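> predicted model and sequence below, questions to follow.
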Amino acid sequence: MSDARFTDADPAPLALAAADMDDLTVISALVQDSILPVTEISYDMRQRQLALLLNRFRWEDAEQAKREDRPYERVRAVLLISDVQRVQSDGIDRADSDLILELLALKWEAGQDGTGRLHLEFAGDGTLVIDAECLNVELRDVTRPYIAPSRRAPEHPQD
């Protein structure tokens, strides 16, 4: 019997928090190309939290999967935004229960005294705009990775 290697270990689930622009840039990159039904967006006004249950492409594993010639992976993850004061949507029909969204980016627009607006930008020009008391975003994987149904990495044409 040989010693265990790091590559033999199960992939550790991500658990990240963003309280500044640098942190948010990392989380934004990791949630790029996440897919979710519109029904997986939940806003709790009393707790002042917006939660999205994502099917997140595992960008952190993509290069290794390519090198090892194995399928790309996705994982279910929760994107939690706290200290929410108001949520607005533009170009997203929350009444369409069959609507599938693709998250492209998170962008913070700083206001006064730490407040600001968080923009969740989706493919097809849909946006959620969250007025927040402060930047407080968490990303947490909640399942084991699974083979991406397309077996391919998302592509972004270079202009």
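That came in fine, so what should we check first? Residues are numbered from 1 along each chain as shown.

> what does stretch 133-142 contact?
For stretch 133-142, the external contacting residues (Cβ atoms under 8 Å, 6 or more residues apart in numbering) are 13-21, 23-24, 27, 30-31, 48, 53, 56, 75-85, 106, 108, 114-116, 118. Yep, even glycine has a C-beta here, placed from its N, CA and C like the rest.

> show me what counts as buried in that stretch.
For stretch 133-142, a neighbour-count test (16 or more other Cβ atoms under 10 Å) marks Leu135, Asn136, Val137, Glu138, Leu139, Asp141 as buried.

> among the residues you listed, which are in strands?
Using DSSP state E, Val137, Glu138, Leu139, Asp141 are the members of the buried residues of stretch 133-142 that sit in strands.

> excluding chain neighbours, what is closest to the residue nearest in space to the middle of the chain?
The chain has Val31 as the residue nearest its centroid, 3.1 Å off, counting by Cα atoms, centre = their mean. In space, and not counting its chain neighbours, Val31 is closest to Leu103: 5.5 Å by Cβ to Cβ, 6 or more residues apart in numbering.

> ditto for Val78
Arg140 is the one closest to Val78 (Cβ to Cβ, 6+ apart), at 5.2 Å.

> and the residue nearest to Val31, what does it touch?
Leu103 neighbours (Cβ under 8 Å, 6+ apart): Val31, Gln32, Asp33, Ser34, Ile35, Leu36, Leu52, Leu54, Leu120, Glu121, Phe122.

> list the contacts of the residue lying closest to the last one once chain neighbours are set aside.
It refers to Phe122. Nearest residue to Phe122 in three dimensions, chain neighbours excluded: Leu101, at 4.8 Å (Cβ to Cβ, 6+ apart). Leu101 sits next to Ile35, Leu36, Pro37, Val38, Ile92, Phe122, Ala123, Gly126 when contact means Cβ under 8 Å, 6+ apart.

> Leu101 pairs with what?
Beta bridges link Leu101 to Leu36, judged by DSSP bridges.

> picking up where we left off before, and the residue nearest to Val78, how far from Leu128?
Relative to Leu128, Arg140 is positioned 19 Å away (criterion: Cβ to Cβ, to the nearest Å).

> out of the contacts of Leu101, which are buried?
Buried members of the contacts of Leu101, counted by 16+ other Cβ under 10 Å: Ile35, Leu36, Val38, Ile92, Phe122, Gly126.
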